[in-house]
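1. Next come a sequence and a model predicted from it.
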Amino acid sequence: MNIYALVKRTFDTEEKIAVSGGKIVEDGAEFIINPYDEYAIEEAIQVRDANGGEVTVVTIGDEEAEKQLRTALAMGADKAVLINTEDDLDEMDEFTAAKIIAEYLKDKDADLILAGNVAIDGGSGQVGPRVAELLGINYVTTITNLEIDGTSVKIVRDVEGDSETIETSLPLLVTAQQGLNEPRYPSLPGIMKAKKKPLEELELDDLDIDEDDVEAKTETIEVYLPPQKAAGRVLEGDLSDQVKELVELLNKEAKVL
């Protein structure tokens, strides 16, 4: 099988993030593979191991993204592709990313494309479905189970606290939800092997893409951290007194009554 996993380099949200001038300060920030994309990579590897074939991981960004691609290779992917847009694009949105990825994939005869359900930095969940639409192939989002038999596919997907079973066929794009699998940690042998695995770097010119054709359709006006939460208050005294005080606080301070 010809399998592709779409990967995004994101900020590590478990680390402290600083915002200055309406933008996230990248100096000193930690970057990781988007966690939902790790599920996609793991599932791609498992599908390859069960059905044969090859896993290629693809990302868009600058040379710094090579670290995340090497991590994916250390997990077990076979090849990696970095589409370097550093010198071509100042801003990207979901439209831009999907157009570039679809242009790269259009002649690759992909059987299965996997992406994360959402990126933790943006949370739109648009890129995967947009890529599928541009390629004209089936897609299913938020999957928690994937079974492939020849070209037939049976999928379980998460639907607001319940699940839905869908039958479809290859070629197919799916987006991975938490619970699909347990992503593996790169082993030491895997890390050593990853250094020798092919990592191809392309630019927009290599894909015959004009910058104007992938210009972002949206503009980020401002990025800001959520306001700090005020400390909670514990009411004391008799229950009736607590109720009176609570009503007064909701009315005068919270102004919700």
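-> Yep, that arrived. Numbers count the residues shown, from 1 in each chain.

2. C-alpha from now on. contacts and neighbour counts both.
-> Fine.

3. And the strands in this structure?
-> In the chain, strands defined by DSSP state E lie at 2-6, 9-11, 19-20, 23-24, 31-33, 54-61, 79-84, 112-116, 138-149, 152-159, 162-169, 172-176, 199-203, listed in chain order.

4. Return the member of the ones you listed having the minimum mean pLDDT.
-> For the strands of the chain, mean pLDDT drops lowest on strand 23-24, to a mean of 70.

5. Output the contacting helices and strands for the longest helix along the chain.
-> Assignment by DSSP state H gives helix 35-51 as the longest helix of the chain. With contacts defined as 3 or more CA pairs under 8 Å, 6 or more residues apart in numbering; DSSP states H and E, the packing partners of helix 35-51 are strand 2-6, strand 54-61, strand 112-116, strand 172-176.

6. any chance of these in a markdown table, with mean neighbour count and distance to D88 too?
-> Below are these laid out as a markdown table (neighbours: other CA atoms under 10 Å; distance: least, CA to CA, whole Å):
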| stretch | mean neighbour count | distance to D88 |
| --- | --- | --- |
| strand 2-6 | 24 | 20 |
| strand 54-61 | 22 | 11 |
| strand 112-116 | 27 | 24 |
| strand 172-176 | 26 | 28 |
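
7. L207 is nearest to which of the ones you listed?
-> L207 lies closest to strand 54-61 among these, at 12.8 Å (CA to CA).

8. so where is this structure shaky, pLDDT-wise?
-> The chain contains residues with pLDDT under 70 at 21-23, 257.

9. follow-up on the earlier one: nearest to K99 among the strands of the chain would be which one?
-> Smallest distance to K99 across those (CA to CA): 11.2 Å, for strand 54-61.

10. picking that back up, could you tell me how far the longest helix of the chain lies from the centre of the chain?
-> On the basis of CA atoms, centre = their mean, to the nearest Å, helix 35-51 sits 13 Å off its chain's mean C-alpha point.

11. May I see the buried residues of that helix?
-> Within helix 35-51, the residues scored as buried using 16 or more other CA atoms under 10 Å are 35-45, 47-48.

12. ok, of these, which one's closest to L89?
-> Closest approach between these and L89, by CA to CA: D37, at 23.2 Å.

13. tell me the contacts of the residue nearest to the closest one when sequence neighbours are not counted?
-> What sits nearest to D37 in space, not counting adjacent residues and going by CA to CA, 6 or more residues apart in numbering, is G116, at 4.1 Å. Counting by CA atoms under 8 Å, 6 or more residues apart in numbering, G116 makes contact with 6-7, 34-40, 125, 128, 175-177.

14. So the nearest residue to D210 once chain neighbours are set aside versus E64, what's the distance?
-> Excluding the flanking residues, the one nearest D210 by CA to CA, 6+ apart is L204, at 7.2 Å. Remark: distance between L204 and E64 (CA to CA, to the nearest Å) = 17 Å.

15. Please say which of the two ends up with more neighbours.
-> L204 (19 against 11; other CA atoms under 10 Å).
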